[in-house]
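> Here is my input, please return the structure:
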Amino acid sequence: MTNPDRNRFVARIASQYGRRLRRFLLHRLRNPADVPDLAQEVFLRLLRVDRHDAIRSPEAYLFTVASHVVHQHTLRQNSMPPTVDLDEVFAEIQTSVDEPLRQADTEQRIENLKASLTQLPPSSAAALMLHRFAGHSIEEIAKALGVARPTAKKYIARALLHCRERQKTEE
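Numbers count the residues shown, from 1 in each chain. This is a model prediction of the structure:
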């Protein structure tokens, strides 16, 4: 199939099934902002197929490709540790302190906490930060980290225990 034929084929599929594809993706993704990017990835993959005329059911083929794209996206998301900007969170804490002596004490505690958090696995540190400083519930943390609720609880408990033990050794 020549390039113009391939482009027309994908354009026809996009006009016929584009709305259904976006709904399909929306129901399978955690973040609705990812829908346009993944829809584009699906159509790009269709453009790479050499023999569109061999596709018996374009709709079934489209949603099979979409399922694979969602699966790969989920694997990528789960393999990446969540990012929490420690400096941003600690800057918020520091701005709330007025007295110089109290501020110095708070800054020292923050530095100790930063050091403790860097010793933890990223998932445990992120869980603690999301819980204590961002005010997220355990369910929200579990969803953000892509883990079960008991696992999120375990991450928080481990992080708290580590920080408390480290604080005892510094006193």
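> mind checking the longest helix of this structure?
Longest helix in the chain, counting residues (DSSP state H): helix 3-28.
> List the buried residues of it.
Residues of helix 3-28 classed as buried by neighbour count (16 or more other Cβ atoms under 10 Å): 6, 9-10, 13-14, 17, 21-22, 24-25, 28. Any C-beta I mention is one placed from the backbone N, CA and C, and that applies to glycine too.
> pLDDT weak spots in the chain?
Along the chain, segments meeting pLDDT under 70 span 1-2, 80-103, 106, 170-171.
> which residues touch the spatially most central residue of it?
Central residue of the chain (Cα atoms, centre = their mean): residue 77, 5.4 Å from the mean position. Applying Cβ atoms under 8 Å, 6 or more residues apart in numbering to residue 77 gives the contacts 30, 146.
> Try it again at 7 Å.
By Cβ atoms under 7 Å, 6 or more residues apart in numbering, the contact list for residue 77 reads residue 146.
> hmm, back to that, just want the angle from the helix or strand following the longest helix of the chain to helix 3-28.
Following helix 3-28 in sequence order, the next helix or strand is helix 35-47 (DSSP states H and E). If you take axes from the mean of the first three to the mean of the last three Cα atoms, to 10 degrees, helix 35-47 sits at 140 degrees to helix 3-28.
> tell me which residues in helix 35-47 are buried?
Neighbour-count burial for helix 35-47 [16+ other Cβ under 10 Å]: 35, 38-39, 41-43, 46.
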